[in-house]
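**Student:** Fold the following, please.
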Amino acid sequence: MRAIFILGILSVSCFLLTGLIQPTPQPNTNIADQAHPGKIYTEERNSDTISSKGLDSGISYFKTAAPQFAASCRILRSALQSISPASPRSIADARQKLLHCRLQYKRIESFLEYFFPGPARVYNSPPKFEPEEPDMEYQSPVGLQVIESLLYDDSRPLQKKELLQQADAVTSSAADLTALLYDFQANDRQLLESLRLELIRIISLGITGYDAPSLKSGLAESREALLSMRFQLQPYLIPGEPRSDSLSAFLEKAISQLRSHPGFDAFDRLAFLTGSALPLQHQLSLLIRERQLELNTNAVLNYEADNLFSPDALLPDKFPASAGANITSGHEKTDLITAGRTLFSDKSLSGNGQRSCATCHSPEKMFTDQLAASKTFDGHGTLKRNTPTLLYSGLQYRQFWDGRVNTLEDQVRAVLHDSLEMNGAARSEQETARIATAIAAYVRSLHPMNSHFDRYMQGDPTALNAREIKGANLFMGKAQCATCHFIPLFNGLIPPDYKLTEFEILGTPRTDQLDRPRLSTDEGRYALFPFDFLKGAFKTPTVRNVANTYPYMHNGSFRSLEKVLEFYNKGGGAGLGLKVPEQTLPSTPLHLTNPEMQDIILFMRALTDDLHTDPKAADHKS
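**Tutor:** Here you go, the predicted model:
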């Protein structure tokens, strides 16, 4: 579900971009009318000058589109100045001006987010606090998403002062956008990578409504982004060449599907993904490779994969690991995984020889124990939190529900030494490191991606039935599930660069008795970093294999998927009437019908992997 954080009184002066050279005013003309070439920018790499024939076009596009975005910011600011709580028409007008502003932003998004990620935060960052670890410096929410959250917040009076503060920050910064090009240097490889990432952004965030869940403008915004991509790709296309023609055909089909959609809630996202977006991603990769313009500045994304839903789209070995954990390859790596698999079921690692990792993370139960909370080491109590699945746990940046360690190796060490869990005997650091490295290597290999849904996305149209397809479209659309459970892993790994694991505050109750809810007292990540905006924050888990990883939530409070959907449908804890001031989940109801919730559950069941066909996960004994 989409994360929303409503601001209190916030000084935004720190977000105004200062010190930038004032740009020359640009005419408000259509991009297609810009025929003159700009300056050629090149970058020296290994003494070879890289061609920048397409970069000129990208820069020209930005120079024209950025002032048009700035103009839309001024119009939005004027509409917000005129807004009145007593005038619904003025509020509706402000929302429409916000929509126009967002569409203008999408035309420059790929260029700005890639080449100038710092300034880009002023315009389209999520409307919640985002800590930057390890020093926990954080960015206060600012920009168009915050304006949307304020304009659609019916839980309190209209916050005109805050709206104008946000508009001032955006408008002031946008006026200087083209000055970012002063002494700017780049090349075609970078521009093409920016378009790669923009396409992933459209696939994973745009069509799900991540940026504007209340406006529900994600499809129109995605279309604008694709139109921008079409213009910027032109210099690389050769009419009549099969690769160029194929890429253009899928690009035009994607634009057409977004243009002719019946509405945000009814849009067939699976048809869009399988019919145009994913083939377009594949064709773009082939074009870049054939033009010898490959560049990968993102370690975890595998540009050799066919598309984002390919099993090898994300590289497990590029996620955090202890020193030396990822240096092996070939037979050494296989031997290490095999050793880890054996150690995973080795009860001698525990202090009493009665339990192993597989005791609480049983492969037969999708690497959980299906208990609300596992038994403690002495058998007389229970642990504080639910045991999550280990499947796909290597594809994230934080371990444990509260994210208190960064690597799987450190997680193994923590569990081995915990007196309530394994209570292992004292070992030398060298021996402990050997055990932790092997078990972590095994756990890191547990990402089968062979569910019915995966088969469907890889070209088998019979793998999902009509209700499962409808459920997938609801999951990625009306229900807003995919705005926190991001594709392709359906966990909190944030696209498009997949460099951060997300934490959310849901207002989870102690039990699934939603007619008389009581808030969980577990403060989650707040215990590690005592910021109010982290109180009750927990890592977003994967919903892959969720049909077999019950009970749910950090405390195992929900015994069925039906209860989980009911909880989200009512707006989380705050929607149930609990006091959760920092809740990141929207408290407004989703208005899902019972048949719709059942379809979503059927889709989530279709995310179940077949571990019997994955030799790394089979044949364990707990």
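
**Student:** where does this structure have low pLDDT?
**Tutor:** 1-51, 129-139, 324-329, 614-622 (pLDDT under 70).

**Student:** Which residue, other than its chain neighbours, is closest to the residue nearest the centre of the chain?
**Tutor:** In the chain, the C-alpha closest to the average C-alpha coordinate belongs to residue 494, at a distance of 2.5 Å (C-alpha atoms, centre = their mean). Closest residue to residue 494 apart from its sequence neighbours, by C-beta to C-beta, 6 or more residues apart in numbering: residue 500 at 4.9 Å. Where C-beta positions appear, they are placed from N, C-alpha and C, glycine not excepted.

**Student:** tally of neighbours for that neighbour?
**Tutor:** Residues lying near residue 500 (other C-beta atoms under 10 Å) number 16.

**Student:** what does residue 577 give?
**Tutor:** Neighbours of residue 577 under the rule other C-beta under 10 Å: 12.

**Student:** That one falls within a helix, correct?
**Tutor:** No - using DSSP: H, G, I helix; E, B strand; the rest coil, the assignment for residue 577 is coil, not a helix.

**Student:** can I assume it is in contact with residue 516?
**Tutor:** No - here residue 577 lies out of contact with residue 516, judged by C-beta atoms under 8 Å, at a distance of 10.1 Å.

**Student:** circling back to that earlier point, and the residue nearest to the centre of the chain, how far is that from residue 200?
**Tutor:** 11 Å (C-beta to C-beta, to the nearest Å).

**Student:** isn't residue 359 right next to residue 371, touching?
**Tutor:** No - the pair residue 359 / residue 371 is not scored as a contact, 11.0 Å apart, by C-beta under 8 Å.

**Student:** quick one, phi psi at the residue sitting furthest away from the middle of the chain?
**Tutor:** Going by C-alpha atoms, centre = their mean, the residue of the chain most distant from its centre is residue 352, 41.4 Å out. For residue 352, the backbone dihedrals (degrees, to the nearest 10) come out as phi -110, psi 0.

**Student:** what's around residue 432, how many residues?
**Tutor:** Quick note: residue 432 (other C-beta under 10 Å) scores 17 neighbours.

**Student:** Which helix or strand contains it?
**Tutor:** Take DSSP states H and E as the rule and residue 432 turns out to sit in helix 429-444.

**Student:** Work out the gap between that helix and the centre of the chain.
**Tutor:** 29 Å (C-alpha atoms, centre = their mean, to the nearest Å).

**Student:** Give me the residues contacting it.
**Tutor:** Residues from elsewhere that reach helix 429-444 (C-beta atoms under 8 Å, 6 or more residues apart in numbering): 316-317, 319, 321-322, 324-325, 328, 333, 336-341, 343-344, 349, 357, 390, 393-394, 407-413, 416, 427, 616.

**Student:** Mark which of the residues you listed are buried, thanks.
**Tutor:** Neighbour-count burial (16 or more other C-beta atoms under 10 Å) applied to those gives 316-317, 319, 321-322, 325, 328, 336-337, 339-341, 343-344, 349, 357, 390, 393-394, 407-413, 416, 616.

**Student:** For stretch 65-79, list every residue counted as buried.
**Tutor:** Neighbour-count burial for stretch 65-79 [16+ other C-beta under 10 Å]: 65-77, 79.

**Student:** In helices, which of these appear?
**Tutor:** Residues of the buried residues of stretch 65-79 located in helices (DSSP state H): 65-77, 79.

**Student:** For stretch 516-525, buried residues please.
**Tutor:** Buried residues in stretch 516-525 (16+ other C-beta under 10 Å): 517, 519, 520, 522, 524, 525.

**Student:** surely the third one meets residue 508?
**Tutor:** Yes - Residue 520 is within contact range of residue 508, at 4.9 Å (criterion: C-beta under 8 Å).

**Student:** if I look at those two, which residues touch both of them?
**Tutor:** 536, 554, 555, 557.

**Student:** so when I look at residue 448, I'm seeing a helix, right?
**Tutor:** No - in this structure, residue 448 is coil, not part of a helix, as judged by three-state DSSP.

**Student:** Distance check, it against residue 541.
**Tutor:** 17 Å.

**Student:** what do you get for residue 125?
**Tutor:** Residue 125 is 24 Å from residue 541, where distance means C-beta to C-beta.

**Student:** So for those two, which residue has more residues nearby?
**Tutor:** residue 541 (22 against 19).

**Student:** Quick check: closest non-adjacent residue to that one.
**Tutor:** residue 388 is the one closest to residue 541 (C-beta to C-beta, 6+ apart), at 5.5 Å.

**Student:** Residue 163 against residue 148, yeah?
**Tutor:** No - if you go by C-beta under 8 Å, residue 163 and residue 148 don't touch, sitting 10.3 Å apart.

**Student:** rewinding a little: tell me which residues touch the residue nearest to the centre of the chain, please.
**Tutor:** With contacts defined as C-beta under 8 Å, 6+ apart, residue 494 is in contact with 486, 500, 501, 502.

**Student:** Name the nearest residue to the last one, sequence neighbours excluded.
**Tutor:** Taking C-beta to C-beta, 6+ apart as the measure, residue 502 lies nearest to residue 492, with 3.7 Å between them; neighbours along the chain are not counted.
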